[in-house]
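Asker: Take this sequence and fold it.
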Amino acid sequence: MRLRCLYLLVLMAGLLPLPVEASALTSEFLLANGLKLVVREDHRAPTVVVQVWYKVGSSYEPDGLTGMSHALEHMMFKGTQEVPDGEFSRIVALYGGEDNAFTTDDYTGYYQVYTADKLPLALELEADRMHGLVLRPEDFTQEIRVVMEERRLRTDDNPQALAMERFMTLAWLTSPSRVPTVGWMRDLQNMKVEDLRHWYETWYTPNNATLIVAGDVDPLQVKKLADQYFAAIPSRPLPSVQLPRELPEPGERSMTLNLPGKVPALYIGFNVPSLQTGQSGEAEALRMLLGVLDEGISARLETRLVREQQVATAVASGYDAFARGDSLFMIRAVPAPGRTLAELEAAVLAELEKLKTEKIEANELKRVYAGFLSGDVFERDSVQEQASSIGRLESVGLSWKTSDTWPASLQAATPDAVQAAAVKYLVPARRTVLRLVPTEIKP
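Answerer: Next comes the predicted model:
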C-alpha cells in the first residue's frame with residue numbers, strides 16, 4: 001500500500017502520463033461468428049470477472065417501444081432450456097460467485113465474478129442465454145410489473161430523478177438519447193412478450209457483443225474456452241444504426257417543474273460533442289473544462305458559489321467524453337437556504353461567462369489532471385473496473401486502447417484550447433435550463 005501511495009504521489013507531482021503497461025497485458029481476439037473477446041490479465045488475486053456487453057440500449061429503441069432493452073435485461077434471468085427460471089443466479093451463488101446486469105442508453109451488460117477456476121462455468125452460462133433464452137408469456141407478465149414498479153419508485157416518486165428525466169427530454173430535441181432507459185410508463189403498459197422476443201433475436205447475437213474476461217487467466221486458454229462455448233452460436237445480420245446526434249445549435253430551452261418535495265434544484269446543460277463527434281482535441285478540452293469548474297474544493301464553482309458567495313449548498317457537474325454520439329455538459333446545483341433559484345442561476349451563468357474571458361491558469365489544469373490520474377490509478381486497481389472500462393469503450397464504438405492514450409491526450413489540452421471550448425460551446429443556443437420548484441407534499 002505504501003509503495004502504491006508513493007507511486008501516486010510521484011505521478012501527481014510530476015504529472016506523468018499513466019504507463020501503458022496494461023496494453024501488454026491485454027489480448028484481443030475475434031471469433032469466426034463475430035464475437036469480440038478481450039482478455040485483461042491481472043494475476044494479483046485468483047479471481048476472474050466475465051462480462052458480456054451487447055451494443056443495444058434505450059437510444060436504439062423506436063417510439064412506442066421504449067424500455068425494451070431494460071425489460072429484456074430482466075428477462076435474461078428468467079431461464080433457458082438448460083438453466084430454468086431462477087437457476088442462473090442460484091448456480092452462481094452456489095459456486096461462490098456474484099452476478100448482475102445493467103442497461104444504459106447505449107449498451108446492456110451482464111457480469112459474473114468468481115474464483116478463477118470457475119471461468120468455464122461463467123462462459124457456459126453466458127453462452128447459453130446468448131442464444132437459448134426462453135421468453136414465456138407468464139414470466140413476462142410478472143416481470144413487466146416489476147419493471148413498472150421500479151419506474152414508480154426510482155423515477156415517478158422521486159422528484160430529483162423525475163426532474164432529470166424531464167431535463168433530458170428538453171436537452172435532446174432530436175437525439176434518441178432523450179429516451180429514458182427504463183422506458184415511458186405507457187410503453188411498459190402496452191409492451192408484449194413478442195416485442196422482447198424480436199428485440200432479443202435482433203440484437204443478442206455474437207457479432208453484436210463483446211466478451212470481456214479479466215483476472216488471473218491465460219489469454220490462449222480463455223480463447224480456447226470461448227471457442228468451445230460460443231463458436232457454435234450463429235451470427236445474424238444487424239440493423240444499420242447511426243450515432244446519436246443533435247442539432248448543432250438547437251436554441252435555448254427552459255422549463256420550470258413544480259413537484260412535491262422539499263429541495264429545489266437547478267439543472268443547466270449544453271449540447272456538446274463527444275470524442276467520436278467532435279473535432280480533434282475538443283473532447284479533451286471539454287473534459288478539462290469540467291474539472292476547472294467542479295473537481296475538488298479549489299474548483300471554481302465550489303470556491304466561488306458555495307464558500308464565497310454562499311449562493312449554493314451543493315454543485316455537481318458531468319460530461320461523458322466517451323458517449324456513443326453527442327454528449328451533454330451538465331451542471332446541477334442546490335440553492336443555499338434563503339437564496340432563490342433565480343439568484344443561483346444568475347451566479348452559475350456568470351461563472352460560465354467568466355470562463356470565456358478570465359484566463360485559465362496552467363496550474364488549474366495541472367490540478368485537474370492530477371485528480372484525474374488519482375481516480376484512474378484507483379480504477380485500474382479493481383479488476384472489475386478494468387473490465388468495465390474495456391466494455392464501455394468497445395460498446396460505444398471506441399477501442400479499449402483509448403483508455404491508455406486518454407491521459408496523455410488530456411495532458412496535452414492547453415489553457416487556450418480549454419477556453420476556446422467554453423467560448424464555442426457554453427452558449428445560449430446550446431443551453432437547457434430546468435428549475436425544480438418544490439411544492440407542498442400532500443398527506
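
Asker: residue contacts, the residue nearest the centre of the chain?
Answerer: Taking C-alpha atoms, centre = their mean, the centroid of the chain lies closest to T104, which sits 6.7 Å from it. By C-beta atoms under 8 Å, 6 or more residues apart in numbering, the contact list for T104 reads G57, S58, T181. Using the backbone N, CA and C atoms, a C-beta is placed for each residue, glycine as well.

Asker: most surrounded residue in these?
Answerer: G57 (27 neighbours; other C-beta atoms under 10 Å).

Asker: now that one: how far from Y204?
Answerer: 13 Å (C-beta to C-beta, to the nearest Å).

Asker: now swap in A71 and tell me
Answerer: For A71, the distance to Y204 - C-beta to C-beta - is 13 Å.

Asker: overlap in contacts of these two?
Answerer: Contacts common to A71 and Y204, judged by C-beta under 8 Å, 6+ apart, are absent.

Asker: Mind checking which of the two has more residues around it?
Answerer: The neighbour comparison of A71 against Y204 (other C-beta under 10 Å) goes to A71, with 26 against 21.

Asker: Tell me how many other residues crowd the closest residue to that one other than its chain neighbours.
Answerer: Nearest residue to A71 in three dimensions, chain neighbours excluded: V147, at 5.3 Å (C-beta to C-beta, 6 or more residues apart in numbering). Neighbourhood size, V147 [other C-beta under 10 Å]: 20.

Asker: mind checking how far V147 is from E252?
Answerer: 35 Å.

Asker: and L398, what is it in contact with?
Answerer: With contacts defined as C-beta under 8 Å, 6+ apart, L398 is in contact with L275, Q276, F322.

Asker: Just the pLDDT at the first one, thanks.
Answerer: Among the per-residue scores, L275 holds a pLDDT of 98.

Asker: So it lies in a strand, does it not?
Answerer: No - if the criterion is DSSP: H, G, I helix; E, B strand; the rest coil, then L275 is coil and not within a strand.

Asker: Excluding covalently adjacent residues, which one is nearest to it?
Answerer: A283 (4.0 Å).

Asker: State the next helix or strand along the chain beyond the helix or strand in which the one you found is found.
Answerer: Using DSSP states H and E, A283 sits within helix 282-294. The first helix or strand that comes after helix 282-294 along the chain, using DSSP H and E, is helix 300-301.

Asker: Please name every helix or strand in contact with the next helix or strand after that next one.
Answerer: Later in the chain than helix 300-301, the nearest helix or strand by DSSP H and E is strand 312-319. Packing partners of strand 312-319 (3 or more C-beta pairs under 8 Å, 6 or more residues apart in numbering; DSSP states H and E): helix 282-294, helix 300-301, strand 327-335.

Asker: can you tell which of those is closest to W172?
Answerer: W172 lies closest to strand 327-335 among the helices and strands packed on strand 312-319, at 8.1 Å (C-beta to C-beta).

Asker: Report the strands that pair with that closest one, each with its relative direction.
Answerer: Each strand paired with strand 327-335, and its direction, by DSSP bridges: strand 265-272 (antiparallel), strand 312-319 (antiparallel).

Asker: among these, which is nearest D99?
Answerer: strand 312-319 (28.2 Å).

Asker: tell me which strands and helices the longest helix anywhere in the chain is in contact with?
Answerer: Longest helix of the chain, by residue count under DSSP state H: helix 362-380. Secondary-structure packing of helix 362-380 (3+ C-beta pairs under 8 Å, 6+ apart): helix 2-14, helix 282-294, helix 383-395, helix 402-411, helix 415-425.

Asker: so that helix versus helix 282-294, what angle?
Answerer: Angle, helix 362-380 to helix 282-294, by axes from the mean of the first three to the mean of the last three C-alpha atoms, to 10 degrees: 100 degrees.

Asker: Buried residues in helix 362-380, which are they?
Answerer: E364, L365, R367, V368, Y369, A370, F372, L373, D376, V377, R380 (16 or more other C-beta atoms under 10 Å).

Asker: what does stretch 147-158 contact?
Answerer: Stretch 147-158 has contacts (C-beta under 8 Å, 6+ apart) with 67, 70-71, 74, 161-162, 165, 180, 182-183, 185, 188-189.

Asker: and the residues you listed as JSON lines, adding distance to L305?
Answerer: Below are the contacts of stretch 147-158 laid out as JSON lines (distance: C-beta to C-beta, whole Å):
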{"residue": "G67", "distance to L305": "37"}
{"residue": "H70", "distance to L305": "36"}
{"residue": "A71", "distance to L305": "41"}
{"residue": "H74", "distance to L305": "41"}
{"residue": "A161", "distance to L305": "24"}
{"residue": "L162", "distance to L305": "25"}
{"residue": "E165", "distance to L305": "25"}
{"residue": "P180", "distance to L305": "29"}
{"residue": "V182", "distance to L305": "32"}
{"residue": "G183", "distance to L305": "36"}
{"residue": "M185", "distance to L305": "36"}
{"residue": "L188", "distance to L305": "39"}
{"residue": "Q189", "distance to L305": "42"}
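
Asker: which of these sit farthest apart?
Answerer: H74 and L162 (21.7 Å).

Asker: can I see the domain layout of this protein?
Answerer: According to automatic domain parsing, the chain comprises the domains 21-230, 253-439.

Asker: Tell me if E246 really is in a strand.
Answerer: No - counting by three-state DSSP, E246 falls outside a strand, being coil.

Asker: hang on, isn't it packed against T174?
Answerer: Yes - in this structure E246 lies within contact range of T174 using C-beta atoms under 8 Å: 6.0 Å.

Asker: Looking at the two, which is more packed in?
Answerer: E246 (22 against 12).

Asker: Who are the contact partners of that one?
Answerer: W172, L173, T174, S175, S177, N271, G325, D326.

Asker: Closest one to P219 out of those residues, please.
Answerer: Proximity of the contacts of E246 to P219 (C-beta to C-beta) peaks at G325, which lies at 32.2 Å.

Asker: and the closest residue to the closest one other than its chain neighbours, how far is that from V396?
Answerer: Nearest residue to G325, sequence neighbours excluded (C-beta to C-beta, 6+ apart): P244, at 3.3 Å. P244 sits 10 Å away from V396, taking C-beta to C-beta as the criterion.

Asker: okay, and the common contacts of the two?
Answerer: A323, R324.

Asker: ok, for P250, nearest residue in space, not its chain neighbours?
Answerer: Take P250 and drop its neighbours on the chain: the residue closest to it by C-beta to C-beta, 6+ apart is L173, 4.7 Å away.
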